[in-house]
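> The amino acid sequence is not available; the structure is as follows:
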């Protein structure tokens, strides 16, 4: 088991390295750097001005060197201005060149400086993640229990009326992406045209002061799309368990139906949905980006859109590290949890 | 001109429809509750030893459900039929049903033919045994026909890009202030915030989806199958390497990938052209290996066949990836491609990058599915038999394993077209790739959502259109799965 986890962590690190290099490569292509220079300076910069801006900030070094600097395994770039002052990646505003460290990369715990938010990347990501974390917490709280109940009710008796209705409902929710359900919810529940002003159409206030009124719609929108999939998986697993031999034996012994479901079937039926719920995280990340844009909730997904729109290289890298980390860790948890829940599987 | 109401002169049907829908809802609830609470229908043994069961209370609830459902469907049909007959006399609904007349006719012909010959049509025919599958297929074909006829300018009432002054954010059914001769007099679903016709834009948006989504899914399947079969069949290092690559792409959040790939700056560097050049090779490889592995024992037949098929495929490939005589055309360097006079069609950079990134995002998932299926099927006896008779590995993969994996693959194909539609909508929603004035559903939803608290009509039609198409594809996949499991 220890070896298994070690190997998985190794693969994780390698994946993270490959992906960050990919992001690094794409964001450091020359047209992107030109866009960055123009958004940082002004939009009417001439080609020479762009060139000198990029030169001064060290963007024109070869790609592997820049990547090494970002990782913190190469001494970082410094540029001596004409007046003798030195500027560089490691030298924060108000710091002199002598006291600044030579190496500053993620290995040293420095994530860079966000050009959009004019703040250190670690702070931006921390703040935004906290906001998104709150959103996700409520999404999970709404989505997981309702999806499991839905799936178990549908899977209890395959082909029954409940099954048909709930399955149709589950299919409908999986067919409704967040930007469709969000728009429909806003139209029905918040617009002055329909008149049902039950909720607020934006969640901006929810960042400081989340209430049911301004926070429920974004949570519902994300939860609904993920719910259908989990419910269908739970249903499939439940129907499989319900046809098993030991369930038949229990029925023939005369155990009542509610007892069979609660005591015999439920635990075995919940193994597969656990994996599915864990693997849903990367999907929820997409939903978060869409919903945060739609409801103007300035969390992690919103920061992603801002960073990508303005080619904020350092922030984008940090965001991709975080999201890749989330994806891989949930995969790891789902594998380990599967082994613990299902004694028939052992890792060789 | 008077503004149109929703139902016009067939408003007398409205209360009837309300009653029917209410009855339907009530009977669904009773049906569900009844299936839990009520006892099963009593059975009695007849004198000749057969069993007969009375209908019981459960039968009654089912009957109620069936009648109310039929009534609702009949009323909905009545709206459409009366709408076709009365046109704008029957309000907006009537006018819209008349505009969709070619779609209705094609649907009727398609369904009549399919049901008449369903026993000879294999899996497609069996689809018409399952109500769920039929409903799903109907929804999908509705949008396919809408897309095709919309592209032929049969359905739309106005040009989707032109603006009419005075129609900004006007409600559905508003007449044009000064219609010209021969111009359609109303904006059936209102105007958007640039005074364009919402109805025509929605219809035109269907064509974009119908063009890109199935084709992109097909390419993703070609890539996934060509790589997934050897990964599953051979295993070992190849499998480890390819699986690592697939997991790498899958670990990437889709939206971040889109934001990195689908920007004008990236298009300027030529990265999408490189990706297109690599990804579009796979169909050629697939077809080449498929035919070669089957006919290599008959060289006299194989060689001309391969030359013909691959010649056409490579020609299509080159005209697909080269634009204006170049494969890659950036400021700093160029790579020569097919000369312009041989180039069959040009794909604008924006569309190409959308297409490529959608294929790129979808193919790792297909790879994983195919790999899993190949791992499972390669242990079967018929594969061992083929190995014993000395068939080559590619023959076994493509002519033994692949046909036996077709059931799950067809089902996943339908689901994946739906997912691709959602991805295209996502791209439009974030304003990536497609030009900003393009009538695709995602962009239209994005534009409409900004004024959503005051005007509902610009955002809702494309949202509902996308919802119904994806729902149709999901139901179709469900029906196909059910029917293919029955064998």
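Happy to help now that I have it. Given the structure is predicted, the values throughout are model-derived calculations rather than measurements. Residues are numbered from 1 along each chain as shown, chains lettered A, B, ... in the order given.

> tell me the pLDDT at the residue in the stretch 101-250 of chain B positioned nearest to chain A?
Residue of the stretch 101-250 of chain B nearest chain A, by CB to the nearest CB: residue B:248 (5.7 Å). The way it works is simple: take the backbone N, C-alpha and C, and place the C-beta from them, glycine included. Residue B:248 carries a pLDDT score of 87 in this model.

> quick one: contacts for residue B:369?
B:224, B:228, B:408-409, B:412 (CB atoms under 8 Å, 6 or more residues apart in numbering or on different chains).

> Highest neighbour count among the residues you listed?
Counting neighbours by other CB atoms under 10 Å in any protein chain shown, residue B:228 comes out on top of the contacts of residue B:369 with 29 neighbours.

> Quick check: chain neighbours aside, which residue is closest to residue A:49?
Spatial nearest neighbour of residue A:49, chain neighbours left out: residue A:41 (6.9 Å); criterion: CB to CB, 6 or more residues apart in numbering or on different chains.

> Got the phi and psi for the one you found?
Main-chain dihedrals, residue A:41, degrees, to the nearest 10: phi -90, psi -110.

> Got the confidence number for it?
With respect to pLDDT, residue A:41 scores 75.

> From chain B, how far out is it?
Distance check for residue A:41 against chain B: by CB to the nearest CB, to the nearest Å, it reads 17 Å.

> show me what contacts that residue?
A:49-50, A:53.

> out of those residues, who's nearest chain B?
Scanning those for proximity to chain B, where the rule is CB to the nearest CB, the winner is residue A:50, at 13.1 Å.

> isn't that closest one right up against residue A:35?
No - applying CB atoms under 8 Å as the test, residue A:50 and residue A:35 come out as separate, 9.7 Å apart.

> Without its sequence neighbours, what residue ends up closest to the residue most central in space within chain A?
By CA atoms, centre = their mean, chain A has its centre lying nearest to residue A:285, at 3.1 Å. Excluding its sequence neighbours, the residue lying closest to residue A:285 (CB to CB, 6+ apart) is residue B:253, at 4.9 Å.

> Now do the same contact list for that neighbour.
Taking CB under 8 Å, 6+ apart, we find residue B:253 in contact with A:282, A:285-286, A:289, A:304, A:320, A:323, A:327.

> Top of the residues you listed by number of neighbours, please.
The most crowded member of the contacts of residue B:253, judged by other CB under 10 Å, is residue A:289 (29 neighbours).

> for it, what are its contacts?
Counting by CB under 8 Å, 6+ apart, residue A:289 makes contact with A:301-302, A:304-305, B:253, B:255.

> Show me which pair in the residues you listed is furthest apart.
A:302 and B:253 (13.8 Å; CB to CB).

> any weak-confidence spans in chain A?
Chain A contains residues with pLDDT under 70 at A:84, A:92-98, A:342-348.

> which parts of the strand or helix carrying residue B:20 are buried?
Using DSSP states H and E, residue B:20 maps to helix B:13-37. For helix B:13-37, the neighbour count (16 or more other CB atoms under 10 Å in any protein chain shown) marks B:13, B:17, B:20, B:23-24, B:27-28, B:30-32, B:34-35 as buried.

> list the helices and strands it packs on?
Judged by 3 or more CB pairs under 8 Å, 6 or more residues apart in numbering or on different chains; DSSP states H and E, the packing partners of helix B:13-37 are helix A:161-174, helix B:56-86.

> Quick one: residues in contact with it.
A:157, A:160-162, A:165, B:7, B:57-58, B:61-62, B:64-65, B:68-69, B:71-72, B:75-76, B:78-79, B:82.

> Write the ChimeraX selection for whichever of the residues you listed are buried.
Applying 16+ other CB under 10 Å to these, the buried members can be selected in ChimeraX as follows:
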select /A:157,160,161,162,165 /B:7,58,61,62,64,65,68,71,72,75,79,82
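
> about what we covered before: could you tell me which of the contacts of residue B:369 are located in helices?
B:224, B:228, B:408-409, B:412 (DSSP state H).

> Which of those residues sits closest to residue B:45?
Nearest to residue B:45 out of the ones in helices among the contacts of residue B:369 is residue B:408 (CB to CB; 43.4 Å).

> isn't the closest one right up against residue B:370?
No - the criterion here is CB under 8 Å, and residue B:408 misses it with residue B:370 at 9.4 Å.

> residues from the stretch 51-200 of chain A in reach of chain B?
Residues of the stretch 51-200 of chain A lying near chain B by CB under 8 Å from any CB of the partner chain: A:157, A:160-162, A:165, A:171-172, A:174-177, A:179-180, A:183-184, A:186-187, A:190-194.

> circling back: I'd like to know which of the contacts of residue A:41 are buried.
The buried subset of the contacts of residue A:41 (16+ other CB under 10 Å) comprises A:50, A:53.

> Make a markdown table out of the contacts of residue A:41 and add secondary structure.
Listed next are these as a markdown table, based on DSSP: H, G, I helix; E, B strand; the rest coil:
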| residue | secondary structure |
| --- | --- |
| A:49 | helix |
| A:50 | helix |
| A:53 | helix |
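
> between the contacts of residue A:41, which is nearest residue B:176?
Distances from residue B:176 to the contacts of residue A:41, taken by CB to CB, are shortest for residue A:50, at 48.4 Å.

> Would you map the helices across the stretch 151-300 of chain B?
Using DSSP state H, counting those that start in this stretch, the helices of the stretch 151-300 of chain B run over residues B:198-234, B:236-250, B:254-261, B:264-269, B:271-279, B:281-295, B:299-321.

> So for the second one, what gets flagged as buried?
So that's helix B:236-250. For helix B:236-250, by 16+ other CB under 10 Å, it's B:239, B:242-243, B:246-250.

> Tell me how far it lies from the chain's centre.
29 Å (CA atoms, centre = their mean, to the nearest Å).

> Which strands or helices does it pack on?
Here helix B:236-250 touches helix A:2-27, helix B:198-234, helix B:349-377, going by 3+ CB pairs under 8 Å, 6+ apart.

> of all those, which lies closest to residue B:270?
The closest of the helices and strands packed on helix B:236-250 to residue B:270 is helix B:349-377. By CB to CB, the value is 9.5 Å.

> What average pLDDT does the closest one get?
Computed over helix B:349-377, the mean pLDDT rounds to 90.

> Just want the angle from that helix to helix B:254-261.
Here helix B:349-377 runs at an angle of 140 degrees relative to helix B:254-261 (axes from the mean of the first three to the mean of the last three CA atoms, to 10 degrees).

> Mind putting the contacts of residue B:369 into a markdown table with pLDDT and distance to chain A?
Shown next, in a markdown table, are the contacts of residue B:369 (pLDDT from 0 to 100; distance: CB to the nearest CB, whole Å):
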| residue | pLDDT | distance to chain A |
| --- | --- | --- |
| B:224 | 94 | 19 |
| B:228 | 93 | 19 |
| B:408 | 88 | 14 |
| B:409 | 92 | 18 |
| B:412 | 92 | 14 |
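
> any idea which of the residues you listed is closest to residue B:396?
Closest to residue B:396, out of all of the contacts of residue B:369 and judged by CB to CB, is residue B:228, at 14.4 Å.

> what's near enough to touch that closest one?
Counting by CB under 8 Å, 6+ apart, residue B:228 has contacts B:242, B:366-371, B:374.

> from those residues, which is closest to chain A?
Nearest to chain A out of those is residue B:368 (CB to the nearest CB; 11.9 Å).

> list the contacts for residue B:476?
For residue B:476, the contact set (CB under 8 Å, 6+ apart) comprises B:127, B:133, B:136-137, B:139-140, B:414.

> Lovely, talk soon.
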